[in-house]
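*Asks:* Structure, please.
(one chain, ligands or ions: 1)
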Amino acid sequence: MSADAKVPLLKASAIHKSYGDLSVLRGVDLKVTRGECLCIVGPSGSGKSTLLRCINLLEPIESGRILFEGDDIAGAPKSRAPAVRQRIGMVFQNFELFQHLSARDNVALAPVKVKGMSRTQALERAQMLLEKVHLPDKGDAFPDELSGGQQQRVAIARALAMEPALMLYDEPTSALDPETVGEVLQVMQELAEEGRTSIVVTHEMGFARRAADRVMFMDGGLFVHEAPPADFFSPDATVPERLARFLGRLSH
Ligand SMILES: Nc1ncnc2c1ncn2[C@@H]1O[C@H](COP(=O)(O)OP(=O)(O)OP(=O)(O)O)[C@@H](O)[C@H]1O
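*Replies:* Numbering: from 1, shown residues only. The predicted structure is shown next:
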C-alpha cells in the first residue's frame, strides 16, 4: 500500500456548526478512507445534510478541522473553495440540473467551463458517463422529458464528469417516485463497488445494508454509533437505545 493510500481521504475533527441559537453539529469527527462507501443515517434534523454541506464548503464551520487529501480545506481562503468542489462531487435531493440544457450538455458543461476540455471531448465523455448510469439513449433529452430517477442519474453522471475523488450524496432518492428509487440506488451501488469513495446520507436502510462499508448513526449533531452494516443492522448487536428506536426495535 502506498503512503498516499494510508492517509484518510477525508478527516473531519471536532466540527461545530450552528444556525443562530441552534447548535446543529456539536463536535463531529469523521474519517473516510479511499475506496470506502460510508452511509450516514439518522432522524430528521440530526445534522446529516449540514455535515455534507460543510464538507463541500457550501457552509462555513465555526470550529474544527476538515482535512481533504491532506489539505486543511475549511481553514483555507474562500477563493480555494471552487478548486475543492472540483474534487468533491455532490448529488442533491432535487437533481438541480440545468433545465435549458440536454442531458448530454448538462454532463459536459463543467469539464468545458471549468477544466477547459474541448467540447468534442467533453461530449464524448458525457455520452460514456450516460452509458455508465444506464441512460445511453437519453443524451438529447431535456430534464423535463426525463423521470425523476433518470434526472438523478444524469446528475450523478454530471458529478462524475469532474472525476471527483469523493462523491457526496444528500438523500438522493427522497424526492423520487418509489418506482424509480431502485434504478438510482443500483447505479450508486455499482459506483461504490467500483471503489469510488462516497458518503451517502440516506433513509434507504436496504441500500446501507447492501452497499456500505460502514454505517454511521447521527443523532443531535453527533455520531453516536458506527459499525459495518452486518453488525449495524444485526438484531443481536448492542446499540444505543436511540438507534434501536430509530431502527424500530423498541416501542416508542
Ligand atoms: N440554512 C439553514 N438555516 C437555519 N437552519 C437550518 C439551515 N439548514 C438546516 N437548518 C436546521 O438545522 C437542523 C439540521 O438540519 P439538516 O438538514 O442538517 O438535518 P438532516 O439530518 O439532514 O435532516 P433530514 O433527514 O430531515 O434532511 C434542522 O433543525 C434544520 O432546520
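*Asks:* Can you show me the helices along the stretch 101-250 of the chain?
*Replies:* 103-113, 119-132, 148-160, 178-193, 205-211, 229-232, 241-246 (DSSP state H, counting those that start in this stretch).
*Asks:* Now do stretch 59-79, average pLDDT.
*Replies:* Over the span of stretch 59-79, the pLDDT mean works out to 91.
*Asks:* what does it rub up against?
*Replies:* Defining contact as C-beta atoms under 8 Å, 6 or more residues apart in numbering, one finds that stretch 59-79 is touched by 7-18, 25, 27-28, 50, 53-55, 57, 80-81, 84, 87-88, 165-166. (Glycine included, C-beta is placed from N, CA and C.)
*Asks:* near the ligand, which residues of the stretch 151-252 of the chain?
*Replies:* Counting by C-beta under 6 Å from any ligand atom, the stretch 151-252 of the chain comes close to the ligand at residue 171.
*Asks:* What does residue 48 show for phi and psi?
*Replies:* Main-chain dihedrals, residue 48, degrees, to the nearest 10: phi -60, psi -50.
*Asks:* now it: how far from residue 201?
*Replies:* In this view, residue 48 and residue 201 are 4 Å apart by C-beta to C-beta, to the nearest Å.
*Asks:* who touches both of the two?
*Replies:* Contacts common to residue 48 and residue 201, judged by C-beta under 8 Å, 6+ apart, are 40, 41, 170, 171.
*Asks:* The second one contacts residue 214, doesn't it?
*Replies:* No. Judged on C-beta atoms under 8 Å, residue 41 makes no contact with residue 214 at a distance of 11.3 Å.
*Asks:* Which residue is it, in the stretch 51-200 of the chain, that comes closest to the ligand?
*Replies:* Residue nearest to the ligand within the stretch 51-200 of the chain (C-beta to the nearest ligand atom): residue 171, separated by 5.9 Å.
*Asks:* pLDDT value on the nearest residue to that residue once chain neighbours are set aside, please?
*Replies:* Among residues not flanking residue 171 along the chain, residue 93 sits closest, at 4.8 Å (C-beta to C-beta, 6 or more residues apart in numbering). At residue 93, the model reports a pLDDT of 93.
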